[in-house]
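Novice: Need a 3D model of the sequence below.
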Amino acid sequence: MSAYGYEIVQKHTFDIEPDVHVKLSINEINAEDEARSKYLSGVGIAQQCQAIVGLKESLLGFSVNMPGTTAKDAFDMVLLTQYFDTMKEIGGSSKSSAVFILHGPGAVHDIATQI
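Specialist: I've put the predicted structure just below:
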């Protein structure tokens with residue numbers, strides 16, 4: 001344009017409209033990603049179900065192998081372990097703000113009964 005006495009200093013682009021084939025390709029990629037995400041979610045749910053069944057068998061096995069204990073005793077132990085793991089994760093994360101949870105000998109029992 002300088003041959004005609006004009007100089008383009010700046011151009012503002014407000015909306016870019018890609019080619020129809022590009023739009024279709026992007027939509028196809030997004031659909032594949034969503035399908036993969038749903039598949040992996042289903043796999044995760046199936047694994048959770050297997051873990052729950054495995055936990056049940058482990059708890060029953062614990063009570064059989066440890067005379068004087070019940071499956072509830074083993075479950076309470078697992079619950080407390082998960083509680084303390086959760087507290088550790090909350091306290092160890094730099095992005096945690098504040099969590100107010102009663103903490104004391106009676107509070108742990110109260111949480112176990114609430115859950």
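Novice: Please spell out which residues along the lowest-mean-pLDDT helix or strand in the chain are buried.
Specialist: Here the helix or strand of the chain ranked lowest by mean pLDDT, DSSP states H and E is helix 105-114, holding a mean of 74. Buried residues in helix 105-114, counted by 16 or more other Cβ atoms under 10 Å: residue 108. No exception for glycine: its C-beta is placed from N, CA and C like everyone else's.
Novice: what do you get for stretch 73-91?
Specialist: Buried residues in stretch 73-91 (16+ other Cβ under 10 Å): 74, 75, 83.
Novice: related to what we said a few turns ago, check which helices and strands the least confident helix or strand of the chain is in contact with.
Specialist: For helix 105-114, the packing partners by 3 or more Cβ pairs under 8 Å, 6 or more residues apart in numbering; DSSP states H and E come out as helix 71-92.
Novice: May I see the domains of this protein written out as residue ranges?
Specialist: 11-68, 70-115 (automatic domain parsing).
Novice: And the ones you listed, which one averages the lowest pLDDT?
Specialist: Mean pLDDT is lowest for domain 70-115 among the domains of the chain, at a mean of 77.
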